[in-house]
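Engineer: build the 3D model from these lines:
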Amino acid sequence: MEDRLWEYIDGISGPEERSIIDELLATSREWQEKYKELLNVHQLLHASELDAPSMRFTVNVMEEIARHQVAPATRTYINKNIIRGIGAFFLTLILGFMAYVFSQFTWTGTGADSSTFVPKNPSLGLDKLNNIDVSKAFNTTYISLFMLISVVMGFVLLDMYLQRKKRQSA
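Structural biologist: Model prediction:
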């Protein structure tokens, strides 16, 4: 009811809506009382003048903001050696994990040069390397979770490094 009456008072209701509200105002005591109340509020709002802010309002606000101490940039209070240490820790963990995975398989040198490695199992050759069963190395949820966290952290550190290089070159 109030929304419809406000639209009627403001003059934004359509002609059909206006005729319906006119009929309601003529017949309903409740609508008449609410209309008089809202009309009084409307007239009071238009009769009062809004105070304009002082000319120094912006200056006063900016001075108040300047009084508060602004936190320094993160470069000044984050020790880069700690970040490097964390990166080295995760890199060491990743390399250690990879060494663990590769140590789970028995490899032996064969062929003309000793740089060619194939598994000890004679049924596997270099062309069938994808047949190696890695379930022995990746059989727990903890190892999978560790690998996920390590890879994500590695990507974060790589991104930070590349962004720093980009800023230095610009």
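Engineer: quick check: mean pLDDT of the lengthiest helix in the chain?
Structural biologist: In the chain, taking DSSP state H as the definition, the longest helix is helix 141-169. Mean pLDDT, computed over helix 141-169, is 84.
Engineer: mind listing what's buried in that helix?
Structural biologist: 147, 150, 153, 157 (16 or more other CB atoms under 10 Å). Backbone N, C-alpha and C define where each C-beta goes, glycine included.
Engineer: show me the contact partners of the host helix or strand of N60.
Structural biologist: Assigned by DSSP states H and E, N60 belongs to helix 57-67. By CB atoms under 8 Å, 6 or more residues apart in numbering, the residues outside helix 57-67 that reach it are S54.
Engineer: can you map out the helices along this protein?
Structural biologist: Going by DSSP H, the chain shows helices at 2-10, 15-27, 29-47, 57-67, 74-77, 80-103, 141-169.
Engineer: picking that back up, which of the buried residues of helix 141-169 lies closest to W31?
Structural biologist: For these, the closest approach to W31 (CB to CB) belongs to M153, at 67.4 Å.
Engineer: residues contacting the closest one?
Structural biologist: M153 makes contact with F90 under the criterion CB under 8 Å, 6+ apart.
Engineer: against Y142, how distant is it?
Structural biologist: For M153, the distance to Y142 (CB to CB, to the nearest Å) stands at 16 Å.
Engineer: repeat for E2
Structural biologist: Per CB to CB, E2 is found 62 Å from Y142.
Engineer: likewise for G154?
Structural biologist: 18 Å.
Engineer: pLDDT value on N131, please?
Structural biologist: pLDDT, N131: 57.
Engineer: before we move on, what about H68?
Structural biologist: As predicted, H68 sits at a pLDDT of 81.
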